[in-house]
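*Asks:* model the following, please.
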Amino acid sequence: MEKHGVKGTAALNADVCRYYPRIIEGGNALGWEWMAHGTNNSTLINGQSEEEERQLIGSVIETVRQSTGQRPRGWLSPGLTESHRTLDLLAAAGIEYVANWVNDEQPYPMRVKSGSVLSLPYSVEINDYTAFLEQGQSGETFGRMICDQFDVLYEDGARSGRVMAICLHPFLSGHTHRSKYLARALAHITSRREVWVTTGGEIADWYNTMALPRAVR
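*Replies:* Model prediction:
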């Protein structure tokens, strides 16, 4: 990713902050953005009381802030789980975007009681967990999937911009027999003109800047 100028938006569990500080050091050195990702991948957001959920969200945000030096702007729930009040609690806590809703290739505003929060595109298709562990795909096939997804969205984006998320887990795509195909896919993407390789927070900033004048009118 560094070779091809790709900065990650890393979904970060609070427990990772506590137990694996070298990951934080590495991500900060690369200039990555940190997106809050719950306490751990086993604690889903679906069975807490409202106050328990509020405290969980607040604790995760503060742990990520203290560990990384960045207050997280985005949120990805473990397993993409939410209660009916999650978006309201995230907006109240200052989260600016969520990645739980995998139903569009463009950002859009979510309806919340107060404040605002965007949905940014995420993917369960262009996702190495799905490809390797659930579908049994090879690294070569996954690399081809990335390129095919990009090619179609690149063409669509000539009329109206599209966001392509490539969802990676180092314990999967980090193996060399797979990473060579990821590198080829990133080379393909970055070789094209009018491609913005960026982070979740920067996409949210762009959307809010472009949407505000329309909202005022």
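*Asks:* so where do the helices sit in this structure?
*Replies:* Using DSSP state H, the helices assigned to the chain run over residues 14-19, 21-30, 50-68, 86-92, 128, 139-156, 170-173, 176-190, 200-216.
*Asks:* count the neighbours of the residue nearest to residue 175 when sequence neighbours are not counted for me.
*Replies:* Leaving aside its chain neighbours, residue 175 sits nearest to residue 139 (7.7 Å; criterion: C-beta to C-beta, 6 or more residues apart in numbering). The C-beta positions use only the backbone N, C-alpha and C, and glycine is treated the same way. Counted by other C-beta atoms under 10 Å, the residues lying close to residue 139 total 21.
*Asks:* and of the helices of the chain, who's closest to residue 4?
*Replies:* helix 176-190 (4.2 Å; C-beta to C-beta).
*Asks:* circling back to that earlier point, contacting residues around the residue nearest to residue 175?
*Replies:* Residue 139 makes contacts with 173, 175, 177, 178, 179, 180, 181, 182, as judged by C-beta atoms under 8 Å, 6 or more residues apart in numbering.
*Asks:* make it 6 Å
*Replies:* 177, 178, 181 (C-beta atoms under 6 Å, 6 or more residues apart in numbering).
*Asks:* buried residues in the lowest-mean-pLDDT helix or strand in the chain?
*Replies:* Ranked by mean pLDDT, DSSP states H and E, the helix or strand of the chain with the weakest confidence is helix 200-216, at a mean of 80. By neighbour count with 16 or more other C-beta atoms under 10 Å, helix 200-216 contains the buried residues 200, 201, 203, 204, 207, 208.
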